[in-house]
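Visitor: With the sequence up front, the predicted model follows.
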2 protein chains.
Amino acid sequence: MTLPIDTPAVLVDLNIAEANVRAFQDYCDSHGLQLRPHIKTHKLPRLAEYQIEQGAIGITCQKITEAEAMIAGGDMRDILITYNILGQDKVARLRALSEQVRLSVVADNAAVVEGLSAGFADAKNPLPVLVECNTGADRCGVETPAEALELASAINAAPGLRFAGLMTYPPTGGATQVTTWLAEAKDLIEATDLTVEVISSGGSPDMWRAHHMPLATEYRIGTYIYNDRSLVTRGTCDWDDCALTVLATVVSTPSKTRAIIDAGSKVLTSDLLGLEGFGHVLGHPDLKIDQLSEEHGRITSDQPTGLRVGDQLRIVPNHACVVSNMLDHVTLIRGDAIIGTEPVAARGQVW
Amino acid sequence: MTLPIDTPAVLVDLNIAEANVRAFQDYCDSHGLQLRPHIKTHKLPRLAEYQIEQGAIGITCQKITEAEAMIAGGDMRDILITYNILGQDKVARLRALSEQVRLSVVADNAAVVEGLSAGFADAKNPLPVLVECNTGADRCGVETPAEALELASAINAAPGLRFAGLMTYPPTGGATQVTTWLAEAKDLIEATDLTVEVISSGGSPDMWRAHHMPLATEYRIGTYIYNDRSLVTRGTCDWDDCALTVLATVVSTPSKTRAIIDAGSKVLTSDLLGLEGFGHVLGHPDLKIDQLSEEHGRITSDQPTGLRVGDQLRIVPNHACVVSNMLDHVTLIRGDAIIGTEPVAARGQVW
């Protein structure tokens, strides 16, 4: 089937996306887990609204400008920004956001706490701040439960702020070590007069094992709404569960075993996530996308590719979230039906 | 020095960019080479205009929408689109472009030639079409000089088209094999009644050896205006010649040997170009950017990083062209002076 869509294009099948949202919401409901989806995967207010309608308690954003774009485009009421916000200008925008929605943020160091406090000292309501904890992913986060206690106390002592709990971006497969870490921090903190209201964990690869970490009160997850090649490869989902695909056209067949498509790194991105090649061509398990330049994707095969110039291919990218960030619009579909194009409201929002 | 710029930001130092343009234009002038810069690196009409003012014969675009953005934003008169244009809608837009500027395109297969001919059969002037040749880079291009002759003849026989020459995206370091290939094709073609007016080659890594391929009449090159870590590593330029840098802020210092910056793959991209790590931190040769997620860049070092939360860093990315494609605006500077922000006119133009 050739779709009447100019390629390259990013297609989002709403039927699949909505089914993915409902399936994981059902799972969370059955395990008493609160779900707080990360909008970085879709960057579309309409899908954030769908996630909330289905039972999500709010959304997660990484940056202030993502939150601003979500509020501008949809009915958002509860946003957690899981990022160290630094700088007077950013804190001022955060303050403005806090007057529009129930807002919380994270911090993993005293400089961030001081900056937040300076901006919120005269706020009507204190800003809830979670302590980000490094439970093994080695990105941000305080390094030990003792440091978590120290920062929690500093937050609670800071004018305009309120300690609200613990947040971690956990290592995949690390439920046991994460639980041990967070339990120790919780005990230390609650041995003082502080309460750990929220323990926020997440991660798509471990999504169906979220109940193995009963200490967590909420689960943050992004990719599950679209899924991608990395999650299929890890066994989290199947190809039929992949809502985001890249539609590309074969523009050259220089040899029997090589073809060139019009989707390169400006659509598929160079993200590998530990995989070989740059995506999975649906219906053609023999084809490899072995090289990308900006506008060219090179397809090779051990056998003749059978491809002809003009053929359309649908590709499941390695990493859906980064593909959402490449084009100004996505094309919404439901199965074979084309619904229309949708601006990617939070695309390129890195501040 | 801390710049009063919200981070992450893409900085373009116009002093360096202009010096890079002049230096390679001087080189081309001294060797009698015509220069046709590829705008994919900067995507800014003002810099394309500067390249033309300094002596470039025109510009190269990869996609129709890039050419449209360049024409809309600047005084462009001669554009080569080095891509197989396929599909009625795209050919119709190409036809419209051909009425605004001196336009030429490439083709490497009969289907593309047929589509172009269908759209230009009743055009006032025939569309010049170059045959794209695979001289060893194994991307697009006819595979042999004999196929080049065959396609050249087909182009010339096609209503509305005119065979204009040969184009190749050459393998780095391949001057000898490329010259042999193209000379053979030229001889074969000119043994008929056709003339090979243009032989278009290019590539930044070999830019200072462009005169080793005297057969080429024009040189296409993009990255040279900004340069990047890949070109410094290959010895093509020095750090001081890098006009594009990413300004980032340290947002976390979880340990003495690890720091996190607010530039991740949404700014630096995951392009490696054969390198290790995701960019070079200017002034800090000991620091490695060893991991990116979308909004976090992880810096590690064998020694204490010496970084503090709030520190600004300037990073030369692995690949400048793809970084230009990530944000809607770049910040123009001249040394320490901030000139202002500039919309990236051709960002995300993949059609």
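Guide: Everything's here; your move. Numbering: from 1, shown residues only, chains lettered A, B, ... in the order given.
Visitor: which helices and strands does the longest strand along chain A pack with?
Guide: Counting residues, the longest strand found in chain A (DSSP state E) is strand A:244-255. If you count contacts as 3 or more Cβ pairs under 8 Å, 6 or more residues apart in numbering or on different chains; DSSP states H and E, strand A:244-255 packs onto strand A:9-13, strand A:258-261, strand A:312-316, helix A:320-324, strand B:78-84. The C-beta positions use only the backbone N, C-alpha and C, and glycine is treated the same way.
Visitor: Just the buried residues of whichever helix or strand comes after the first one, please?
Guide: By that I understand strand A:9-13. Using DSSP states H and E, the helix or strand that follows strand A:9-13 in sequence is helix A:14-30. Using 16 or more other Cβ atoms under 10 Å in any protein chain shown as the test for burial, helix A:14-30 gives A:Leu14, A:Ile16, A:Ala17, A:Glu18, A:Asn20, A:Val21, A:Phe24, A:Gln25, A:Tyr27, A:Cys28.
Visitor: just stretch A:291-299 next, same as before
Guide: Going by 16+ other Cβ under 10 Å, stretch A:291-299 has these buried residues: A:Gln291, A:Leu292, A:Ser293, A:Glu294, A:Glu295, A:His296, A:Gly297, A:Arg298, A:Ile299.
Visitor: Check the offset of it from the chain's centre.
Guide: Distance, stretch centre to chain centre, for stretch A:291-299: 25 Å (Cα atoms, centre = their mean, to the nearest Å).
Visitor: centroid residue for chain A?
Guide: A:Gly222 (3.4 Å; Cα atoms, centre = their mean).
Visitor: Mind pulling up the pLDDT for the nearest residue to that residue once chain neighbours are set aside?
Guide: Ranked by Cβ to Cβ, 6 or more residues apart in numbering or on different chains and with sequence neighbours excluded, the top spatial neighbour of A:Gly222 is A:His38, at 3.4 Å. At A:His38, the model reports a pLDDT of 98.
Visitor: ok, now A:Thr2?
Guide: So, for A:Thr2, pLDDT stands at 82.
Visitor: Show me which residues of the stretch 201-350 of chain A sit near chain B.
Guide: A:249, A:251-255, A:258, A:260, A:262-263, A:265-267, A:269-272, A:291, A:293-296, A:298, A:308-310, A:321-322, A:325-328, A:348, A:350 (Cβ under 8 Å from any Cβ of the partner chain).
Visitor: Just the buried residues of the residues you listed.
Guide: A:249, A:251-254, A:258, A:260, A:262-263, A:265-267, A:269-271, A:291, A:293-296, A:298, A:309-310, A:321-322, A:325-327, A:348, A:350.
Visitor: So A:Leu151 versus chain B, what's the distance?
Guide: According to Cβ to the nearest Cβ, to the nearest Å, A:Leu151 stands 12 Å off from chain B.
Visitor: quick one: that residue and A:Ala111 touch, right?
Guide: No: counting by Cβ atoms under 8 Å, A:Leu151 stays clear of A:Ala111, with 11.2 Å between them.
Visitor: thinking again about what came up before, tilt between the longest strand of chain A and strand A:9-13?
Guide: Here the directions of strand A:244-255 and strand A:9-13 differ by 140 degrees (axes from the mean of the first three to the mean of the last three Cα atoms, to 10 degrees).
Visitor: Partner strands of strand A:244-255 and their direction?
Guide: Using DSSP bridges, strand A:244-255 pairs in its sheet with strand A:9-13 (antiparallel), strand A:258-261 (antiparallel), strand A:312-316 (antiparallel).
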